[in-house]
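Asker: Sequence and computational prediction follow.
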Amino acid sequence: MKINWCGHSAFLVASENGLVRLLFDPYIPGSWNGALKYAPIRETCDAVFVSHKHDGHFGFNTINGNRALIRGHGKFWVQNVHVNGVQTWHDDCKGQERGDNTAFAFRLDGINIAHMGDIGHKLDDRQLEELGDVDVLMIPCGGHSTVDAEGAFGIVQQLQPGIVLPMHYKTDKLDAVLEEVDAFARLFSKVERVDGSLELAAETLPEDTTLMIMTPKY
(Lines give C-alpha, C1' and ligand atoms only; values in the text may rest on other atoms or scores of the structure.)
Protein backbone atom coordinates (compact mmCIF):
# COMPACT_ATOMS: atom_id res chain seq x y z
CA MET A 1 0.00 0.00 0.00
CA LYS A 2 1.11 3.53 -0.74
CA ILE A 3 -0.15 6.64 1.06
CA ASN A 4 0.43 10.25 0.04
CA TRP A 5 -0.50 13.22 2.19
CA CYS A 6 -1.62 15.77 -0.37
CA GLY A 7 -1.93 18.46 2.29
CA HIS A 8 -4.36 19.63 4.99
CA SER A 9 -6.73 16.64 5.42
CA ALA A 10 -6.33 15.14 1.96
CA PHE A 11 -4.83 11.67 1.65
CA LEU A 12 -4.52 9.43 -1.40
CA VAL A 13 -4.44 5.73 -0.55
CA ALA A 14 -3.43 3.30 -3.32
CA SER A 15 -3.30 -0.48 -3.25
CA GLU A 16 -0.01 -2.28 -3.76
CA ASN A 17 -1.01 -3.31 -7.29
CA GLY A 18 -2.20 0.22 -8.12
CA LEU A 19 -5.69 -0.91 -9.09
CA VAL A 20 -7.44 0.87 -6.20
CA ARG A 21 -6.95 4.59 -5.59
CA LEU A 22 -9.02 6.35 -2.93
CA LEU A 23 -8.83 10.07 -2.19
CA PHE A 24 -10.08 11.53 1.08
CA ASP A 25 -11.11 15.14 1.84
CA PRO A 26 -9.47 17.06 -1.02
CA TYR A 27 -9.30 20.79 -0.32
CA ILE A 28 -10.23 23.66 -2.61
CA PRO A 29 -6.97 25.56 -3.28
CA GLY A 30 -7.12 29.20 -2.23
CA SER A 31 -9.94 28.64 0.24
CA TRP A 32 -10.48 30.91 3.22
CA ASN A 33 -9.57 34.05 1.29
CA GLY A 34 -6.27 32.57 0.19
CA ALA A 35 -5.23 31.18 3.57
CA LEU A 36 -5.14 27.61 2.22
CA LYS A 37 -2.03 27.70 0.04
CA TYR A 38 -1.61 24.03 -0.85
CA ALA A 39 -1.34 23.57 -4.61
CA PRO A 40 -4.07 21.86 -6.67
CA ILE A 41 -4.18 18.08 -6.26
CA ARG A 42 -3.15 16.34 -9.48
CA GLU A 43 -4.18 12.76 -8.82
CA THR A 44 -6.46 10.24 -10.48
CA CYS A 45 -8.65 8.10 -8.27
CA ASP A 46 -11.63 5.76 -8.28
CA ALA A 47 -13.53 7.68 -5.64
CA VAL A 48 -13.40 10.89 -3.62
CA PHE A 49 -14.60 10.55 -0.02
CA VAL A 50 -15.83 13.73 1.67
CA SER A 51 -16.30 13.95 5.44
CA HIS A 52 -18.34 17.18 5.34
CA LYS A 53 -19.13 20.06 3.03
CA HIS A 54 -16.52 22.68 3.95
CA ASP A 55 -14.06 24.18 1.46
CA GLY A 56 -11.04 22.60 3.09
CA HIS A 57 -12.54 19.14 2.51
CA PHE A 58 -15.05 19.38 -0.36
CA GLY A 59 -12.82 19.85 -3.40
CA PHE A 60 -14.42 17.06 -5.44
CA ASN A 61 -14.80 19.28 -8.51
CA THR A 62 -11.07 20.10 -8.50
CA ILE A 63 -10.17 16.43 -9.09
CA ASN A 64 -9.98 15.36 -12.73
CA GLY A 65 -11.07 12.08 -14.22
CA ASN A 66 -13.86 9.57 -13.87
CA ARG A 67 -14.32 9.41 -10.10
CA ALA A 68 -17.26 8.81 -7.81
CA LEU A 69 -18.26 11.15 -5.00
CA ILE A 70 -18.96 9.41 -1.70
CA ARG A 71 -20.23 11.24 1.34
CA GLY A 72 -22.45 10.56 4.32
CA HIS A 73 -22.97 7.60 6.59
CA GLY A 74 -23.42 4.01 5.51
CA LYS A 75 -21.67 1.19 3.70
CA PHE A 76 -20.01 1.73 0.33
CA TRP A 77 -18.16 -0.46 -2.16
CA VAL A 78 -15.38 0.86 -4.38
CA GLN A 79 -13.40 -1.57 -6.54
CA ASN A 80 -14.40 -4.43 -4.19
CA VAL A 81 -13.21 -2.45 -1.18
CA HIS A 82 -15.80 -2.07 1.57
CA VAL A 83 -15.81 1.36 3.19
CA ASN A 84 -17.86 2.14 6.29
CA GLY A 85 -19.00 5.75 6.73
CA VAL A 86 -19.38 6.28 10.48
CA GLN A 87 -21.50 9.13 11.81
CA THR A 88 -19.54 11.53 14.01
CA TRP A 89 -19.69 15.27 14.65
CA HIS A 90 -17.66 18.37 13.93
CA ASP A 91 -17.88 19.51 17.58
CA ASP A 92 -18.32 18.07 21.05
CA CYS A 93 -22.05 18.84 21.28
CA LYS A 94 -23.40 16.42 18.65
CA GLY A 95 -23.23 18.85 15.76
CA GLN A 96 -25.09 21.76 17.34
CA GLU A 97 -22.22 24.16 16.62
CA ARG A 98 -20.52 22.89 13.45
CA GLY A 99 -22.69 20.09 12.13
CA ASP A 100 -22.13 16.54 11.02
CA ASN A 101 -18.91 14.71 10.14
CA THR A 102 -18.23 11.29 8.62
CA ALA A 103 -15.28 9.10 9.55
CA PHE A 104 -14.41 6.50 6.92
CA ALA A 105 -13.02 3.07 7.81
CA PHE A 106 -11.86 0.45 5.33
CA ARG A 107 -9.47 -2.46 4.78
CA LEU A 108 -6.99 -2.55 1.90
CA ASP A 109 -4.04 -4.90 1.36
CA GLY A 110 -4.73 -6.44 4.78
CA ILE A 111 -4.44 -3.07 6.56
CA ASN A 112 -7.31 -1.35 8.42
CA ILE A 113 -7.43 2.40 7.86
CA ALA A 114 -9.60 5.14 9.35
CA HIS A 115 -9.83 8.75 8.13
CA MET A 116 -11.52 10.82 10.83
CA GLY A 117 -12.43 13.93 8.81
CA ASP A 118 -13.00 16.94 11.07
CA ILE A 119 -13.96 15.04 14.19
CA GLY A 120 -14.48 17.22 17.25
CA HIS A 121 -15.13 14.78 20.09
CA LYS A 122 -14.19 11.58 21.86
CA LEU A 123 -15.63 8.40 20.35
CA ASP A 124 -18.60 6.65 21.92
CA ASP A 125 -19.15 2.89 22.05
CA ARG A 126 -21.18 2.81 18.83
CA GLN A 127 -18.54 4.69 16.88
CA LEU A 128 -15.75 2.52 18.25
CA GLU A 129 -17.61 -0.61 17.21
CA GLU A 130 -18.34 0.71 13.71
CA LEU A 131 -14.75 1.80 13.16
CA GLY A 132 -13.46 -1.58 14.30
CA ASP A 133 -9.77 -2.42 14.50
CA VAL A 134 -7.58 0.39 13.15
CA ASP A 135 -3.99 -0.06 12.02
CA VAL A 136 -3.53 3.36 10.42
CA LEU A 137 -5.33 6.41 11.82
CA MET A 138 -5.58 9.73 9.96
CA ILE A 139 -6.64 12.30 12.52
CA PRO A 140 -6.89 16.11 12.87
CA CYS A 141 -4.88 17.60 15.71
CA GLY A 142 -4.87 21.37 15.17
CA GLY A 143 -7.81 22.26 17.37
CA HIS A 144 -10.05 25.33 16.93
CA SER A 145 -12.59 23.56 14.67
CA THR A 146 -11.61 19.95 15.48
CA VAL A 147 -10.07 18.06 18.37
CA ASP A 148 -6.82 19.59 19.56
CA ALA A 149 -3.63 17.68 20.38
CA GLU A 150 -4.97 16.31 23.67
CA GLY A 151 -8.33 15.40 22.16
CA ALA A 152 -6.71 13.67 19.21
CA PHE A 153 -4.40 11.73 21.51
CA GLY A 154 -7.45 10.60 23.48
CA ILE A 155 -8.88 9.08 20.29
CA VAL A 156 -5.52 7.43 19.60
CA GLN A 157 -5.69 5.84 23.04
CA GLN A 158 -9.21 4.59 22.31
CA LEU A 159 -8.31 3.02 18.95
CA GLN A 160 -4.72 1.91 19.62
CA PRO A 161 -3.51 2.06 15.99
CA GLY A 162 -0.01 1.08 14.94
CA ILE A 163 0.46 4.23 12.85
CA VAL A 164 -0.97 7.71 13.38
CA LEU A 165 -0.92 10.22 10.51
CA PRO A 166 -1.68 13.76 11.69
CA MET A 167 -3.63 16.22 9.54
CA HIS A 168 -5.52 19.51 9.72
CA TYR A 169 -2.84 21.50 11.52
CA LYS A 170 -0.98 24.75 10.87
CA THR A 171 1.84 24.67 8.31
CA ASP A 172 3.62 27.21 6.14
CA LYS A 173 0.98 26.43 3.49
CA LEU A 174 -1.97 27.01 5.80
CA ASP A 175 -2.36 30.44 7.37
CA ALA A 176 -5.13 29.52 9.80
CA VAL A 177 -5.80 29.62 13.54
CA LEU A 178 -4.64 26.07 14.22
CA GLU A 179 -1.98 24.47 16.38
CA GLU A 180 1.19 23.18 14.76
CA VAL A 181 1.85 19.45 14.83
CA ASP A 182 4.55 19.76 17.51
CA ALA A 183 1.99 19.91 20.34
CA PHE A 184 0.63 16.55 19.18
CA ALA A 185 4.05 15.03 18.59
CA ARG A 186 5.13 15.72 22.17
CA LEU A 187 2.52 13.23 23.39
CA PHE A 188 4.13 10.28 21.57
CA SER A 189 7.15 8.23 22.56
CA LYS A 190 7.81 7.22 18.94
CA VAL A 191 7.81 9.86 16.19
CA GLU A 192 9.07 9.53 12.62
CA ARG A 193 9.13 11.97 9.72
CA VAL A 194 8.27 10.74 6.25
CA ASP A 195 9.51 12.64 3.21
CA GLY A 196 7.49 11.43 0.23
CA SER A 197 5.13 8.47 -0.02
CA LEU A 198 4.56 6.11 2.88
CA GLU A 199 4.72 2.48 1.76
CA LEU A 200 3.19 -0.07 4.11
CA ALA A 201 2.74 -3.83 4.30
CA ALA A 202 0.53 -5.64 6.81
CA GLU A 203 3.37 -7.85 8.04
CA THR A 204 5.68 -4.93 8.85
CA LEU A 205 3.36 -2.59 10.75
CA PRO A 206 4.95 -1.29 13.99
CA GLU A 207 4.00 -3.03 17.22
CA ASP A 208 4.07 0.23 19.20
CA THR A 209 1.96 3.23 18.20
CA THR A 210 4.09 5.50 16.03
CA LEU A 211 3.31 9.03 14.93
CA MET A 212 4.45 9.53 11.32
CA ILE A 213 4.57 13.16 10.22
CA MET A 214 4.42 13.30 6.46
CA THR A 215 5.60 15.99 4.06
CA PRO A 216 2.71 17.32 1.97
CA LYS A 217 2.90 16.41 -1.71
CA TYR A 218 1.24 19.64 -2.85
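Answerer: Structure received.

Asker: Report the buried residues of the helix or strand of the chain with the lowest mean pLDDT.
Answerer: Lowest on mean pLDDT, DSSP states H and E among the helices and strands of the chain sits helix 31-34, with a mean of 92. If you call a residue buried by 16 or more other C-beta atoms under 10 Å, then helix 31-34 has these buried ones: Ser31. Quick note: C-beta positions are derived from backbone N, CA and C, even for glycine.

Asker: That helix: what's the following helix or strand?
Answerer: Sequence-wise, the next helix or strand downstream of helix 31-34 (DSSP states H and E) is strand 47-50.

Asker: and the most far-flung residue of the chain relative to its centre, what is it in contact with?
Answerer: Computed with C-alpha atoms, centre = their mean, the residue of the chain farthest from its C-alpha average is Asn33, at 23.3 Å. Contacts here follow C-beta atoms under 8 Å, 6 or more residues apart in numbering; on that basis Asn33 touches nothing.

Asker: what's the answer for Glu16, then?
Answerer: Neighbour list for Glu16: 1-2, 109, 201 [criterion: C-beta under 8 Å, 6+ apart].

Asker: Try it again at 7 Å.
Answerer: 1, 109 (C-beta atoms under 7 Å, 6 or more residues apart in numbering).

Asker: Looks to me like it is in a strand.
Answerer: No: assigned with DSSP: H, G, I helix; E, B strand; the rest coil, Glu16 falls outside any strand and is coil.

Asker: Now do the same contact list for the nearest residue to Pro216 once chain neighbours are set aside.
Answerer: Sequence neighbours aside, Gly7 is the residue nearest to Pro216 in space, at 3.9 Å (criterion: C-beta to C-beta, 6 or more residues apart in numbering). Contacts for Gly7 (C-beta under 7 Å, 6+ apart) come out as 27, 38, 173, 216-218.

Asker: how far away is Gly7 from Trp89?
Answerer: 24 Å (C-beta to C-beta, to the nearest Å).

Asker: And for the nearest residue to Leu22 once chain neighbours are set aside, the neighbour number?
Answerer: Closest residue in space to Leu22, ignoring its immediate chain neighbours: Val13 at 4.8 Å, by C-beta to C-beta, 6+ apart. Residues contacting Val13 under the criterion other C-beta atoms under 10 Å number 26.

Asker: again with His8
Answerer: Neighbours around His8, by other C-beta under 10 Å: 28.
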